[in-house]
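Participant: everything below, folded, please.
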Amino acid sequence: MLKKIFFALFVRPLVLIVSGVHVVNKENLPLEGPCIIAANHNSHLDTLVLMSLFPLSDIHQVRPVAAADYFMKNKWFAWFSLTVLGIISIKRRPSKEEGHPLLGVTKALEAGEIVIIFPEGSRGIPDEMNTFKTGIAHLAKQFPHVPVVPVYIHGAGKALPKGEALFVPFIIDVHIGKALYNEDENNQSFTKRLERNIKELEKEYIKSV
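Facilitator: Residues are numbered from 1 along each chain as shown. Got it, this is the predicted structure:
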């Protein structure tokens, strides 16, 4: 309930009205899980933009993956991140005793949820895309029938740049590609294919402006 209220009263007015979001090929966005949304990452606003694309009635099943060292750094922020945003917290360098870092994501997909993952691993410089990590390929291979939907986001890194706390109204463009599957492909190959797909979406955006 808190999650729905937060998105209805704060996120949607901020993202969809104050800033403005232009979505291309929204029909490629699944409305139910399990599903993996894979996008480039320049800003914390990326997560809110992607989550705002889903109906409020389904927002409870949309789970962004987030780094524990940032989102769990104190008890109040941890409570907000887990309870209101509904993040799946992962450690960048977990110990062997803590188990597989993607265990929480696996459980979410098994529960039929929609997971948001940023394959670059961390926020980069606006308009620059870092090399993708292979974690998402492991998930796609473990769940071969779960769609991986590539998404390119432009403008969020300028509306709320990394390291800045001041929000600047800026039109955000979201291009959604067709789902990918990894039924019989090595992790490096699938990761590169996903990266190429998102870069193709970036080219589509550039052609459209």
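Participant: I'd like the next helix or strand past the worst-scoring helix or strand of the chain on mean pLDDT.
Facilitator: Counting by mean pLDDT, DSSP states H and E, the chain has its least confident helix or strand at helix 156-159, which shows a mean of 66. Sequence-wise, the next helix or strand downstream of helix 156-159 (DSSP states H and E) is strand 172-176.
Participant: partners of that next one in the sheet?
Facilitator: If you go by DSSP bridges, strand 172-176 pairs up with strand 21-24 (parallel), strand 148-154 (antiparallel).
Participant: send me that strand as PDB with only the CA atoms.
Facilitator: The C-alpha trace of strand 172-176 is given here as PDB (Å, rounded to 0.1, in the frame of the first residue of the first chain):
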ATOM      1  CA  ILE A 172      13.100  11.700 -20.800                       C
ATOM      2  CA  ASP A 173      12.900   9.300 -23.700                       C
ATOM      3  CA  VAL A 174      12.300   5.600 -23.200                       C
ATOM      4  CA  HIS A 175      12.700   3.200 -26.200                       C
ATOM      5  CA  ILE A 176      11.500  -0.400 -25.500                       C
END
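Participant: quick check: angle from the helix or strand containing Leu139 to strand 148-154?
Facilitator: Assigning secondary structure by DSSP H and E places Leu139 in helix 135-142. Orientation check (axes from the mean of the first three to the mean of the last three Cα atoms, to 10 degrees): helix 135-142 against strand 148-154 gives 160 degrees.
Participant: who touches helix 135-142?
Facilitator: Helix 135-142 has contacts (Cβ atoms under 8 Å, 6 or more residues apart in numbering) with 36, 38, 101-102, 105-106, 109, 117, 119, 146, 148, 180-182, 185, 187-188, 190-191, 194. (Each C-beta comes from the backbone N, C-alpha and C, glycine too.)
Participant: then stretch 182-195?
Facilitator: So stretch 182-195 is in contact with 38, 119, 129, 131-134, 136-138, 140-141, 144, 148, 150, 180, going by Cβ under 8 Å, 6+ apart.
Participant: ok, of the residues you listed, which one's closest to Val174?
Facilitator: Using Cβ to Cβ, Pro150 comes nearest to Val174 of the contacts of stretch 182-195, at 11.4 Å.
Participant: what about the strands in the chain?
Facilitator: With DSSP state E as the criterion, the chain has strands at 21-24, 35-39, 62-67, 88-90, 114-117, 148-154, 172-176.
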